[in-house]
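**Q** got a sequence here, can you build the structure:
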Amino acid sequence: MSDIFTIQAVARNDGGKGASRRLRREGLVPGIIYGGGKDPEMIATAHNKLLQHLEHEAFYSSIVEVEVEGKKQRVVLKDLQRHPAKPFVIHFDLQRVAATDRIKMNVPLHFIGEEEAPGVKAGGTVSHALVDLEIICEAQNLPEYIEVDVSEMEVGDMLHLTDIKLPEGVEIVAMTHGDEHEHDELVVSMQAKVKVVEEEEEEAPAAETEAEAEPSSEEE
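**A** Okay, the predicted model is just below:
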């Protein structure tokens, strides 16, 4: 893991929509810390500082340190509620974790080696079926991301969940449900480049006369 992210927060005692609106007017975001065999704690943190953390991909899949009035706890981000129309965070949930706790998290996939792939050099394109994975592992083994190497893929090749090399101690949640073949999802494929054939426009038919000439009758 990279440097630990730190959230500076304050405790809050008043819940409800009215209190949350008041906090937001003051530039704060309401949140909660739960888990770890302890009572939930209602907290609030500066909205602009939280947004800075959210700009980092690693923040969503890392152990985060939250400091509430001098007391530090290690947590992971479990839920984030955003305003449907405005760039505001409405609420966030943090879960306490210890180093040996087994946790489920979604981590991003980083695809490497695309430029070197024979399929790309042959004119193919890489198609990502998945962009992240739900994994389970001890908190101390939580990866920020998982690499998927596509550098040897030819046109027509596919990689599934069973083809991914996982860090030590990490399991894919989908592969713990039983039949491996049934849950072995497609992750990435190398597809032939689709050629777009432009059909020649048919020539417009010659303009018809306003009315077809009626056969002329011979005068007797």
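**Q** could you list every helix and strand in contact with the lowest-mean-pLDDT helix or strand in the chain?
**A** Using mean pLDDT, DSSP states H and E, helix 17-25 stands out as the lowest-scoring helix or strand of the chain, at a mean of 75. In terms of contacts (3 or more CB pairs under 8 Å, 6 or more residues apart in numbering; DSSP states H and E), helix 17-25 is packed against strand 28-34, strand 89-96. Placement of C-beta: from N, CA and C, glycine included.
**Q** of all these, which one is nearest Val68?
**A** Nearest to Val68 among the helices and strands packed on helix 17-25 is strand 28-34 (7.7 Å), distances taken as CB to CB.
**Q** how far off centre is the next helix or strand after that closest one?
**A** Toward the C-terminus, strand 28-34 is succeeded by strand 41-46 as the next helix or strand (DSSP states H and E). How far strand 41-46 lies from its chain's middle: 25 Å, per CA atoms, centre = their mean, to the nearest Å.
**Q** list the buried residues of the least confident helix or strand of the chain.
**A** 20, 23-24 (16 or more other CB atoms under 10 Å).
**Q** which residues touch it?
**A** 12, 29-30, 44, 47, 88, 90-91 (CB atoms under 8 Å, 6 or more residues apart in numbering).
**Q** could you dump it to PDB, C-alpha only?
**A** The C-alpha coordinates for helix 17-25 follow below in PDB (Å, rounded to 0.1, in the frame of the first residue of the first chain):
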ATOM      1  CA  LYS A  17     -32.000  15.500   8.200                       C
ATOM      2  CA  GLY A  18     -32.100  18.900   9.900                       C
ATOM      3  CA  ALA A  19     -28.700  18.400  11.500                       C
ATOM      4  CA  SER A  20     -27.200  17.100   8.300                       C
ATOM      5  CA  ARG A  21     -28.400  20.100   6.400                       C
ATOM      6  CA  ARG A  22     -26.800  22.400   9.000                       C
ATOM      7  CA  LEU A  23     -23.500  20.600   8.700                       C
ATOM      8  CA  ARG A  24     -23.500  20.900   4.900                       C
ATOM      9  CA  ARG A  25     -24.200  24.600   5.100                       C
END
